[in-house]
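Undergrad: Would you be able to build a 3D model of this:
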Amino acid sequence: MIINVTSQNSPIAPQPGERVVEFAELLGFARRPWALPRLLWARRHERCVSVVDIAPHYVRPALVHLLNLLVRAGEHRIVDRNGHDEPVSWRAFFLHDLPRLLGDLAASLPLRRLMRRRLDALCAAPEQRVGPPPDDGRLHYYRTDLLFGLTAGGSVGHITGVASAFARQGFDVDLFACEDLVFLRDKPLRVRVFDPGSRFRNLPEIRLFHYGLDFTARLGTIVAAEGAPDMVYQRLSLNNFAGVELSREWNVPFILEYNGSEVWASRHWGGRMLRHAALSLRAEDACFRHAQLIVVVSEPLKEELISRGVDADKILVNPNGVDPDAYSPARFAPEELRVVREKFGWSADAPVAGFIGTFSAWHGVLVLAEAIVKLKRARPDLRFLLVGDGPLMAQVRRIVREGDAEDVCAFTGLVPQHEAPRLLAACDLYLSPHVPNVDGSRFFGSPTKLFEYMALGRAIAASDLEQIGRVLRDGETALLTEPGNVDALVAAVTRLVDDEPLRLRLGAAAREAALAEHTWEAHVRRIRQALAERCGRRQSQQ
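TA: Residues are numbered from 1 along each chain as shown. Next comes the predicted model:
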């Protein structure tokens, strides 16, 4: 048996007839625990392999090990996404895992009390008045989540784009994170690592609170030796308000990047409910209260913040962006792109449609899979390059396989961010089939893939959904389709494949729009201007 404890496709190939329990099924057992014994003890297996994210940082190790050991199997092992392999035994569980779990539970009580006191004080304190931000100087950038091993995705593109643009505009950027960010090694930034250690791995919500305290303490030590920055920028993450406390201590502007509430997501998008949601919301409120500027990527996020009592004057709607040099149609020689196609067994003149992203519900990947099956029948010469991974990958592959369209698809899995432009540049058109949120709430995303597609100067078939339908103009920079409508997506792709002049015209116009409005340079200039205006107004009112 293979138990996939990650949200990505399992890297372990199952043996013939071997049972694979995917992450979505595990979440189902969390809601129906009475069904778990049947899974564990239905029959004896040769092995039980639990696939985890990154050792030694995966969360709830005691629970992961216990679940593995309860399976009737001849061999019990843990394997992470990087290939690290270790045995699991009852002896180690009772000698190490169980005592650590009990220790975490005992230590969490005083930690929660401390968090409440600090958050109560922050939520009662008035917002500090700070002067206008400088035109250059030192910027602290805080990535305070505990996600390890990320090399690609929207957050990687956003962090790279924003931090690098601040550096190019004259700021000395120190970026603090839980691990060395390999995707930034060639950028003019200094990455400083605050490893979270092993405390509270069994209680991930508490671990995040503890990491926030440790983050604040370590930065206090660094600043005592090096001096305070001129500005603080933080990507909001669950249970972390380090940016608030530190910016107030140093009396410098605090910029908060808000991409949505994890508390809200846990309530509306399924999965495991947060145990300390009230405290987590308190941490978000403290960040909203004391940020001089809150940057969101879409209007629905702004409206959500206003509904929570945040002053509209401090919110900047600033869609995602793109590096126009990294995603340039002129960057790759025809020979290089021919090699990419040959790797997948495709000829130079075969039409190729590309998709990159997380294989999750709101990315519309199930709609995409159904469209591929229909397009295979209508245009058997069309090929599909699908870059990325995610919880719905197994379903996408199943739909494509059962529709006899597997032979026209190339699934690359996750690739490092710097490799994506070359793969996408080998395509003739791009797909962005996003669908509305399943709970009926407004789609609040600003897909980074959208701007990358535009900058590469290829035609796009995309859903006419919230910001997507405003950034792209139907018939001018893309073909827009009804979200979730498989036939409409098939018709748009067929039209683009058949009409080369239209395809070229849309692609050229899309790149022109990306260069004019959607570069990371422009994104950061808007942040700086909005912050200067707000701090200037607040200072004049004193």
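
Undergrad: Please make it C-alpha for all contacts and neighbour counts, starting now.
TA: OK.

Undergrad: What residues sit buried inside the lowest-mean-pLDDT helix or strand in the chain?
TA: Least confident helix or strand, the chain: helix 23-31 with a mean of 75, by mean pLDDT, DSSP states H and E. Residues 23, 26 are the ones in helix 23-31 that count as buried (16 or more other Cα atoms under 10 Å).

Undergrad: Any chance you could list what contacts the next helix or strand after that helix?
TA: Using DSSP states H and E, the helix or strand that follows helix 23-31 in sequence is helix 36-41. With contacts defined as Cα atoms under 8 Å, 6 or more residues apart in numbering, helix 36-41 is touched by 29, 70, 71, 72.

Undergrad: Can you get me a residue count around the third one?
TA: Read that as residue 71. Residues near residue 71, counting by other Cα atoms under 10 Å, number 22.

Undergrad: what's near enough to touch it?
TA: Residue 71 makes contact with 40, 41, 44, 45, 48, according to Cα under 8 Å, 6+ apart.

Undergrad: can I assume residue 411 sits in a strand?
TA: Yes - counting by DSSP: H, G, I helix; E, B strand; the rest coil, residue 411 falls inside a strand.

Undergrad: List the contacts of the closest residue in space to it that isn't next to it in sequence.
TA: The shortest distance from residue 411 to any residue other than its chain neighbours is 5.0 Å, reached at residue 386 (Cα to Cα, 6 or more residues apart in numbering). Going by Cα under 8 Å, 6+ apart, residue 386 touches 354, 355, 356, 409, 410, 411, 412, 413.

Undergrad: same thing with residue 15?
TA: Residue 15 makes no contacts at all, as judged by Cα under 8 Å, 6+ apart.

Undergrad: Give the buried residues for the helix or strand hosting residue 469.
TA: Following DSSP H and E, the helix or strand that holds residue 469 is helix 467-471. Residues of helix 467-471 classed as buried: 467, 468, 469, 471 (neighbour count, 16+ other Cα under 10 Å).

Undergrad: what does stretch 51-71 give?
TA: 51-55, 57-59, 61-62, 64-66, 68-69, 71.

Undergrad: Also stretch 393-413?
TA: Neighbour counts over stretch 393-413 (16+ other Cα under 10 Å) mark 393, 396-397, 399-400, 403, 405-406, 408-411, 413 as buried.

Undergrad: Residue 112 sits in which helix or strand?
TA: Here residue 112 sits within helix 98-124, counting by DSSP H and E.

Undergrad: quick one: average pLDDT of the very next helix or strand once past that helix?
TA: Reading on from helix 98-124 to the C-terminus, the next helix or strand found by DSSP H and E is strand 137-143. For strand 137-143, mean pLDDT rounds to 97.

Undergrad: Strand 137-143 pairs with which strands?
TA: strand 171-177 (parallel), strand 231-235 (parallel) (DSSP bridges).

Undergrad: Could you export whichever helix or strand comes after that strand as PDB, CA atoms only?
TA: In the C-terminal direction, the helix or strand that comes right after strand 137-143 (DSSP H and E) is helix 154-168. What follows is helix 154-168 as a C-alpha-only set of coordinates in PDB (Å, rounded to 0.1, in the frame of the first residue of the first chain):
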ATOM      1  CA  GLY A 154       2.500  31.400  -8.400                       C
ATOM      2  CA  SER A 155       4.100  32.200  -5.100                       C
ATOM      3  CA  VAL A 156       7.600  31.600  -6.400                       C
ATOM      4  CA  GLY A 157       6.900  33.900  -9.400                       C
ATOM      5  CA  HIS A 158       5.500  36.600  -7.100                       C
ATOM      6  CA  ILE A 159       8.300  36.500  -4.600                       C
ATOM      7  CA  THR A 160      10.900  36.600  -7.300                       C
ATOM      8  CA  GLY A 161       9.200  39.400  -9.200                       C
ATOM      9  CA  VAL A 162       8.500  41.700  -6.300                       C
ATOM     10  CA  ALA A 163      11.700  41.300  -4.400                       C
ATOM     11  CA  SER A 164      13.800  41.600  -7.500                       C
ATOM     12  CA  ALA A 165      12.000  44.700  -8.700                       C
ATOM     13  CA  PHE A 166      12.500  46.400  -5.300                       C
ATOM     14  CA  ALA A 167      16.200  45.600  -5.700                       C
ATOM     15  CA  ARG A 168      16.400  47.000  -9.200                       C
END
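
Undergrad: Which secondary structure elements does helix 154-168 sit against?
TA: Judged by 3 or more Cα pairs under 8 Å, 6 or more residues apart in numbering; DSSP states H and E, the packing partners of helix 154-168 are strand 171-177, helix 448-455, helix 520-540.

Undergrad: Which phi and psi values does residue 73 adopt?
TA: Backbone geometry at residue 73, expressed as degrees, to the nearest 10, gives phi -150, psi 160.

Undergrad: just checking, it touches residue 42?
TA: No - contact criterion Cα atoms under 8 Å: residue 73 and residue 42 do not qualify, at 11.1 Å.

Undergrad: These two - which one has more neighbours?
TA: The residue with more neighbours, out of residue 73 and residue 42, is residue 73; 18 against 11, by other Cα under 10 Å.

Undergrad: where does the stretch 201-350 of the chain dip in pLDDT?
TA: For the stretch 201-350 of the chain, applying pLDDT under 70 flags the ranges 268-272.

Undergrad: Which parts of it are strands?
TA: Along the stretch 201-350 of the chain, the stretches classed as strands by DSSP state E, counting those that start in this stretch are 231-235, 254-257, 293-296, 315-317.

Undergrad: Turn the ones you listed into a markdown table, columns for distance to residue 154 and mean neighbour count.
TA: Output for the strands of the stretch 201-350 of the chain, formatted as a markdown table (distance: least, Cα to Cα, whole Å; neighbours: other Cα atoms under 10 Å):
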| stretch | distance to residue 154 | mean neighbour count |
| --- | --- | --- |
| strand 231-235 | 13 | 23 |
| strand 254-257 | 14 | 25 |
| strand 293-296 | 14 | 26 |
| strand 315-317 | 17 | 21 |
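
Undergrad: Make a markdown table out of the ones you listed and add distance to residue 366.
TA: Shown next, in a markdown table, are these (distance: least, Cα to Cα, whole Å):
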| stretch | distance to residue 366 |
| --- | --- |
| strand 231-235 | 30 |
| strand 254-257 | 30 |
| strand 293-296 | 28 |
| strand 315-317 | 30 |
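
Undergrad: Any idea which of those gets closest to residue 435?
TA: Of all the strands of the stretch 201-350 of the chain, it is strand 293-296 that lies closest to residue 435, at 20.3 Å by Cα to Cα.

Undergrad: Give me the sheet partners of the closest one and which way each runs.
TA: Sheet neighbours of strand 293-296, with direction, are listed as strand 254-257 (parallel), strand 315-317 (parallel) (DSSP bridges).

Undergrad: For burial, what's the neighbour tally of residue 219?
TA: Residue 219 has 17 neighbouring residues, counting by other Cα under 10 Å.

Undergrad: how near is it to residue 490?
TA: Distance, residue 219 to residue 490, by Cα to Cα, to the nearest Å: 53 Å.

Undergrad: ok so, going back, which stretch in the helices and strands packed on helix 154-168 is the model least sure about?
TA: Mean pLDDT is lowest for helix 520-540 among the helices and strands packed on helix 154-168, at a mean of 86.

Undergrad: Alpha carbons of it, in CSV - could you do that?
TA: C-alpha atoms of helix 520-540 as CSV (Å, rounded to 0.1, in the frame of the first residue of the first chain):
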residue,chain,number,x,y,z
TRP,A,520,6.8,43.4,-11.9
GLU,A,521,8.6,46.7,-12.3
ALA,A,522,5.2,48.5,-12.7
HIS,A,523,3.7,46.4,-9.9
VAL,A,524,6.3,47.6,-7.4
ARG,A,525,6.2,51.2,-8.6
ARG,A,526,2.4,51.1,-7.8
ILE,A,527,3.2,49.8,-4.3
ARG,A,528,5.7,52.5,-3.7
GLN,A,529,3.5,55.3,-5.0
ALA,A,530,0.5,54.1,-2.9
LEU,A,531,2.6,53.8,0.2
ALA,A,532,4.1,57.3,-0.2
GLU,A,533,0.6,58.8,-0.8
ARG,A,534,-0.8,57.1,2.3
CYS,A,535,2.1,57.8,4.6
GLY,A,536,2.2,61.4,3.4
ARG,A,537,-1.6,61.9,4.0
ARG,A,538,-1.4,60.4,7.5
GLN,A,539,1.6,62.6,8.4
SER,A,540,-0.2,65.7,7.2
